[in-house]
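Enquirer: I would like the atomic coordinates for the input below:
(chains A, B, C and D)
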4 protein chains.
Amino acid sequence: MLEKSLSTITKLKVRFQECDPLQIVWHGNYFKYFEEAREDFGREHGISYLDAKAKGYSTPIVKSFCEYKLPLKYSDSFRVETTFKNSEAAKINFLYKIYKGEQLICTGETLQVFLDEKGELVLNNPPFFLDWKKKMNLP
Amino acid sequence: MLEKSLSTITKLKVRFQECDPLQIVWHGNYFKYFEEAREDFGREHGISYLDAKAKGYSTPIVKSFCEYKLPLKYSDSFRVETTFKNSEAAKINFLYKIYKGEQLICTGETLQVFLDEKGELVLNNPPFFLDWKKKMNLP
Amino acid sequence: MLEKSLSTITKLKVRFQECDPLQIVWHGNYFKYFEEAREDFGREHGISYLDAKAKGYSTPIVKSFCEYKLPLKYSDSFRVETTFKNSEAAKINFLYKIYKGEQLICTGETLQVFLDEKGELVLNNPPFFLDWKKKMNLP
Amino acid sequence: MLEKSLSTITKLKVRFQECDPLQIVWHGNYFKYFEEAREDFGREHGISYLDAKAKGYSTPIVKSFCEYKLPLKYSDSFRVETTFKNSEAAKINFLYKIYKGEQLICTGETLQVFLDEKGELVLNNPPFFLDWKKKMNLP
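Expert: The predicted structure is shown next:
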């Protein structure tokens, strides 16, 4: 199925300094994991930060969200499932699920927009992004 | 007015290493600012992490959200307005607004629950939290 | 005395997420405190990162060192004493001491060099740095 | 040769948020890489943070040092060579070298001591550490 091919799985391990005095990963650090996973997706599918930059665009985050269900502890191994959520808007929307084995640790979401080289918001999808969608068979 | 007294304003300055290669504060670092502001609120109103801990509770974050409107850059001074959002649930809900001068930089939200000393979720409001609400004239 | 005027005192407080599972400030975070203190010195004495940048130079760290004597814990207030260590070399050398009350928490040091706009190492002191030294009555 | 077997090589990649406005890895983040590499060594050779903790000891860092020779940039792949430096003292001393391909990026060092369960400094090598040295054929 199509959607399946637009997900990536990234395997990570909790670093010591990512944990807080409660002995669990500090909640803000999940956005580091999402970013590493998002860039992993980008490298695999040709839509990374550096790909966008090479075309003259930056793609800052305009929304980020995380819902925490179970904690991660130091030295835990886990995986991030990153899914591209397609839409017609000039935006990049990713959904994340972090699993430790079969346990769902958290879910998250980020939304990015396109800025041109002057730092102005781009209201229509940039050509390189439309080309990428076509290549990916996305409507 | 009541709500006014349940807000806190925290003044901060952007640290160099909080900025990313786009020359702006990395989006995940706003959750550090929210935390510093939330703890500032807690110290001012007697409901900080250490207050909860002294009563035998920890209060992990279960949801976090940020919507970014304008970037912050290195050495920018800004303020975080932290507001306690009251409800009947056994939860702690804070809303955040970050301003640089008159400019709204971002809005955010966190939700915390209570865990007892065994790490189990507390379904009813702990006595110390009810006492605190009473003291604050919250319904 | 001259050296005295080339120190700055920066007052800070430990943030929650700067502490690790040992309940103390993670050792690498002291370099954040040093940087905040160094920039504080720079703003006070006109030799900050942005001052150097305005003159066409960047000043990357080439050595950093910290010796830890006592831990800092969450919500501790502390001060960083930052001292400029003068020499003839085209380098910027700072010494740091962190105190909590009368207790010496740690000592540290950083060394910076000058890069020009092409990113090349500058072997002689840049004019703006010599001017600054003169203004500060440094040999 | 003996020393060779007491090194570990850890392969890492630069994360976006580890880079600063100079577009290079922020100097304090190298201590994260050292820690990840040190723990990698510990897991491989049975002397990690969790191994020490299981025996009733914590092993805080008392000195850290880094000398930076070349910068790392976003998405660079690199390796950390971590070497245990043996001595008779009740200390754990690691040396680090980070390479990107054949280029030496930086060298570093950390020194750790042993604290017992009361948090008191241990002046003699703990039995578990002596056992570990014996197993490793270290004098």
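
Enquirer: in which helix or strand would I find the residue nearest the centre of chain A?
Expert: Nearest to the mean C-alpha position of chain A, counting by CA atoms, centre = their mean, stands A:R38 at 3.0 Å. In this assignment (DSSP states H and E), A:R38 forms part of helix A:30-45.

Enquirer: What helices and strands are in contact with that helix?
Expert: Packing partners of helix A:30-45 (3 or more CB pairs under 8 Å, 6 or more residues apart in numbering or on different chains; DSSP states H and E): strand A:7-13, helix A:49-54, strand A:61-68, strand A:77-84, strand A:91-100, strand A:103-113. (C-beta placed from N, C-alpha, C; glycine too.)

Enquirer: so can I have a markdown table of the ones you listed showing distance to C:E67 and mean pLDDT?
Expert: Output for these, formatted as a markdown table (distance: least, CB to CB, whole Å; pLDDT from 0 to 100):
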| stretch | distance to C:E67 | mean pLDDT |
| --- | --- | --- |
| strand A:7-13 | 30 | 96 |
| helix A:49-54 | 38 | 91 |
| strand A:61-68 | 37 | 98 |
| strand A:77-84 | 34 | 98 |
| strand A:91-100 | 37 | 97 |
| strand A:103-113 | 38 | 98 |
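
Enquirer: The ones you listed: which one's closest to B:H27?
Expert: Set against B:H27 and scored by CB to CB, the helices and strands packed on helix A:30-45 come closest in strand A:61-68, at 4.1 Å.

Enquirer: buried stuff in that closest one?
Expert: A:I61, A:V62, A:K63, A:S64, A:F65, A:C66, A:Y68 (16 or more other CB atoms under 10 Å in any protein chain shown).

Enquirer: quick one: contacts for A:F94?
Expert: A:F34, A:R38, A:F41, A:T82, A:T83, A:F84, A:K85, A:E109, A:T110, A:Q112 (CB atoms under 8 Å, 6 or more residues apart in numbering or on different chains).

Enquirer: What distance do you get for it to chain C?
Expert: Applying CB to the nearest CB, to the nearest Å, the value for A:F94 to chain C is 24 Å.

Enquirer: So among the contacts of A:F94, which ones count as buried?
Expert: Applying 16+ other CB under 10 Å to the contacts of A:F94, the neighbour count classes A:F34, A:R38, A:F41, A:T82, A:T83, A:F84, A:E109, A:T110, A:Q112 as buried.

Enquirer: Other residues contacting stretch A:19-27?
Expert: A:14, A:18, A:66, A:68, A:71-74, B:31, B:58, B:60-61, B:64, C:16-17, C:19-21, C:23, C:74.

Enquirer: let's see 7 Å
Expert: For stretch A:19-27, contacts defined as CB atoms under 7 Å, 6 or more residues apart in numbering or on different chains pick out A:14, A:18, A:68, A:71-74, B:31, B:58, B:60-61, B:64, C:16-17, C:19-21, C:23, C:74.

Enquirer: Skip the chain neighbours and tell me the closest residue to A:F84.
Expert: Excluding the flanking residues, the one nearest A:F84 by CB to CB, 6 or more residues apart in numbering or on different chains is A:L6, at 4.5 Å.

Enquirer: Which members of the buried residues of strand A:61-68 define the maximum pairwise distance?
Expert: For the buried residues of strand A:61-68, the maximum inter-member distance is 21.6 Å, found between A:V62 and A:Y68 (CB to CB).

Enquirer: Show me what counts as buried in stretch A:120-139.
Expert: A:N125, A:P126, A:F128, A:F129, A:W132, A:K133.

Enquirer: my read: the second one touches A:T59, true?
Expert: No. Using CB atoms under 7 Å, A:P126 and A:T59 do not qualify as a contacting pair, with a distance of 9.7 Å.

Enquirer: Identify the contacts common to those two.
Expert: A:F114.

Enquirer: quick one on the thing from earlier: kindly reformat the buried residues of stretch A:120-139 as JSON lines containing distance to D:E102.
Expert: Converted to JSON lines, the buried residues of stretch A:120-139 look like this (distance: CB to CB, whole Å):
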{"residue": "A:N125", "distance to D:E102": "42"}
{"residue": "A:P126", "distance to D:E102": "38"}
{"residue": "A:F128", "distance to D:E102": "34"}
{"residue": "A:F129", "distance to D:E102": "37"}
{"residue": "A:W132", "distance to D:E102": "35"}
{"residue": "A:K133", "distance to D:E102": "40"}
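
Enquirer: Taking those, tell me the two that lie furthest apart.
Expert: A:P126 and A:K133 (10.8 Å).

Enquirer: And the residue of chain A most remote from its centre, how close does it get to B:F128?
Expert: What lies farthest from the middle of chain A is A:P21; by CA atoms, centre = their mean that is 27.0 Å. Distance check for A:P21 against B:F128: by CB to CB, to the nearest Å, it reads 20 Å.

Enquirer: So which bits of chain A are right by chain D?
Expert: Chain A comes close to chain D at residues A:R15, A:F16, A:Q17, A:K32, A:E35, A:E36, A:E39, A:Y49, A:L50, A:S75, as judged by CB under 7 Å from any CB of the partner chain.

Enquirer: Could you pull up the residues touching the second one?
Expert: Taking CB under 7 Å, 6+ apart as the definition of contact, the neighbours of A:F16 are A:Y74, C:D20, D:E35, D:E39, D:Y49.

Enquirer: try 8 Å this time
Expert: A:Y74, A:S75, C:D20, C:P21, C:W26, D:E35, D:E39, D:Y49.

Enquirer: Contact partners for A:E35?
Expert: B:G28, D:R15, D:F16, D:Q17.

Enquirer: A strand includes the last one, no?
Expert: Right, D:Q17. No. Assessed with DSSP: H, G, I helix; E, B strand; the rest coil, D:Q17 is helix; it does not lie in a strand.

Enquirer: Now the closest residue to it other than its chain neighbours, what are its backbone angles?
Expert: With sequence-adjacent residues excluded and distances taken as CB to CB, 6+ apart, D:Q17 is closest to B:W26, at 4.6 Å. Note on B:W26: backbone dihedrals following degrees, to the nearest 10 are phi -60, psi 130.

Enquirer: Count the residues that sit near B:W26.
Expert: Neighbour count of B:W26, defined by other CB atoms under 10 Å in any protein chain shown: 22.

Enquirer: With A:P21 as the reference, measure out to it.
Expert: The spacing between B:W26 and A:P21, counted by CB to CB, is 23 Å.

Enquirer: Pull the number of nearby residues for A:K100.
Expert: A:K100 has 16 neighbouring residues, counting by other CB under 10 Å.

Enquirer: neighbours around A:G119, how many?
Expert: Applying other CB under 10 Å, we find 12 residues neighbouring A:G119.

Enquirer: ok, for it, nearest residue in space, not its chain neighbours?
Expert: Nearest one to A:G119, counting by CB to CB, 6+ apart, is A:S58 at 7.8 Å.

Enquirer: what do you get for A:L72?
Expert: Once flanking residues are discounted, A:L72 sits nearest to A:V25: 4.4 Å by CB to CB, 6+ apart.

Enquirer: Bridged to the residue lying closest to A:F34 once chain neighbours are set aside, which residues?
Expert: Once flanking residues are discounted, A:F34 sits nearest to A:Y96: 4.9 Å by CB to CB, 6+ apart. Beta-bridge pairing for A:Y96 (DSSP bridges): A:T82, A:G108.

Enquirer: quick one: the residue nearest to A:L72 from chain D, how far?
Expert: Going from A:V25 to chain D by CB to the nearest CB gives 14 Å.

Enquirer: With A:K73 instead?
Expert: Remark: distance between A:K73 and chain D (CB to the nearest CB) = 10 Å.

Enquirer: and that residue, backbone torsions?
Expert: Main-chain dihedrals, A:K73, degrees, to the nearest 10: phi -120, psi 170.

Enquirer: quick one, what contacts it?
Expert: Going by CB under 8 Å, 6+ apart, A:K73 touches A:V14, A:C19, A:Q23, A:I24, A:V25.
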